[in-house]
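A.B. asks: A predicted structure for the sequence below; I have some questions about it.
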Amino acid sequence: MSSRKEAAARALWSPAVRGLRAYVPGEQPQGTGWIKLNTNECPYPPSPRVLDAVREAADERLRLYPDPTALALRQTIAKRFGLTPEQVFVGNGSDEVLAHAFCALLRHGRPVLFPDVSYSFYPVYCALYGIEPQPVPLDESFRVRVADYRRGNGGIVLPNPNAPTGIALSLAELTQLLEGNPGSVVVIDEAYVDFGAESAVALIGRFPQLLVVRTLSKSAALAGLRVGFAMGHASLIEALHVVKDSFNSYPLDRLALAGAQAAIEDDEHLQALSARIATSRQWLVQQLDGMGFHCLPSSANFLFVRHASARAAELFSALRERRILVRHFKQPRIDNHLRITIGTQAECEALVDALRHILSTSS
Ligand code: PMP
């Protein structure tokens, strides 16, 4: 396209979108031979029951639209968590569920609070929906201080465990946060909760302003299926449905509905995967500690680490040359850290070998 035509087309962008800085996801290399420890996927396969269910759903019924209410899946989720289907909302990954939550529940003309440092999609949704973001700094040990989340805000969004730090708040701290913010929607993003944190689902009956968001991308090993869900008071959930139906009335396709239902039903598989990852996490912390790294205490399927002397950007590049991908955020305060997803035990061992080699040749 000529540059004049390009300029003319660009001038047609909505003003709100011109200033938007979209979220940049971690690298997804297309070739083989990579050790991928950069986007917090599960290194183990999903439940065989999920694969069977998806195969079974892949037939001539694909010509028909899926159930717009996703009722069977919502019933299964409700049963698993002791809720009613009216208290459950499903969407294409928790990213989409969060987008609907920002749109439906967090636009009150007052700033929305979330930790600084945290999931970098939150400021993007704020920009998309014209919400003023108010990042609340973590304390000096990278912990969320709930006392800093004062009432009068337009809502609070908190991942628990936090990402990319991996540090979790206790149920008592979450209760304190909810008690201190009766007039604000509090979104607890539990993407990583299955790896060792306490869930806020137990508080839903007590706090009508609480929305708990989950994903099947991590502990259920289904990032490729794109399924997330939210749980809360039926009246909060209703707002999400209003937005969803105004946007795309089909939350999930037929294959995703079938696979997600089988995944929720196979909690044993999820527990087994989470336990394997917790074991490798403990092993990896010990190894990294012994090599001069400082690891934040993680309740997630990743570690957030800093080396005593080696620079994170250089370690990132040296690992990448060896086809090992980790995550390096070029952001103030954390640009000396790496976020490392817990891989299979063999992948963790390969990482440790590579780091030993890199550190011994760089000093
Ligand atoms: N919340 C947090 C804190 C995350 O790290 C992620 C994964 N990048 C998500 C939500 C979104 O996960 P998904 O859209 O795959 O469900």
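C.D. replies: Looks like it arrived, so ask away. No experiment lies behind these values; they were computed from the predicted model shown.

A.B. asks: Quick one: residues contacting the nearest residue to Ala223 once chain neighbours are set aside.
C.D. replies: Once flanking residues are discounted, Ala223 sits nearest to Ser217: 3.9 Å by C-beta to C-beta, 6 or more residues apart in numbering. Yep, even glycine has a C-beta here, placed from its N, CA and C like the rest. Applying C-beta atoms under 8 Å, 6 or more residues apart in numbering, one finds that Ser217 lies in contact with Glu41, Gly93, Ser94, Ala191, Ala223, Arg226, Val227, Gly228.

A.B. asks: Close to the ligand: what parts of the stretch 1-150 of the chain are there?
C.D. replies: Contact residues (C-beta under 6 Å from any ligand atom) of the stretch 1-150 of the chain with the ligand: Gly93, Ser94, Asp95, Tyr119.

A.B. asks: what's the average pLDDT for stretch 106-116?
C.D. replies: Mean pLDDT, stretch 106-116: 96.

A.B. asks: Let me see the residues that make contact with the top helix by length along the chain.
C.D. replies: Secondary structure of the chain read by DSSP state H shows that its longest helix is helix 267-290. Here helix 267-290 makes contact (C-beta under 8 Å, 6+ apart) with 42-44, 46-47, 49, 80, 194-196, 219-221, 263, 295, 298, 301, 303, 305, 340, 342-345, 348, 351-352, 355.

A.B. asks: So which of these belong to strands?
C.D. replies: Cys295, Leu303, Val305, Ile340 (DSSP state E).

A.B. asks: Check the closest residue in space to Leu20 that isn't next to it in sequence and give its pLDDT.
C.D. replies: Spatial nearest neighbour of Leu20, excluding adjacent residues (C-beta to C-beta, 6+ apart): Ala127 at 5.4 Å. Confidence at Ala127, expressed as pLDDT, is 94.

A.B. asks: show me the residues around Ala127 that make contact.
C.D. replies: Gly19, Leu20, Arg21, Pro133.

A.B. asks: how far away is the first one from Ala191?
C.D. replies: Distance of Gly19 to Ala191, computed by C-beta to C-beta, to the nearest Å: 27 Å.

A.B. asks: Neighbour count: these two, which is higher?
C.D. replies: Taking other C-beta atoms under 10 Å, Gly19 and Ala191 do not tie; Ala191 has more neighbours (25 against 8).

A.B. asks: For the closest residue to that one other than its chain neighbours, name its beta-bridge partners.
C.D. replies: Once flanking residues are discounted, Ala191 sits nearest to Thr215: 4.9 Å by C-beta to C-beta, 6+ apart. With DSSP bridges applied, Thr215 shows beta-bridge pairing to Gly228.

A.B. asks: what's the closest non-adjacent residue to the residue in the stretch 51-200 of the chain positioned nearest to the ligand?
C.D. replies: Residue of the stretch 51-200 of the chain nearest the ligand, by C-beta to the nearest ligand atom: Gly93 (3.0 Å). For Gly93, ignoring the flanking residues on the chain, the nearest one in space by C-beta to C-beta, 6+ apart is Arg226 at 4.3 Å.
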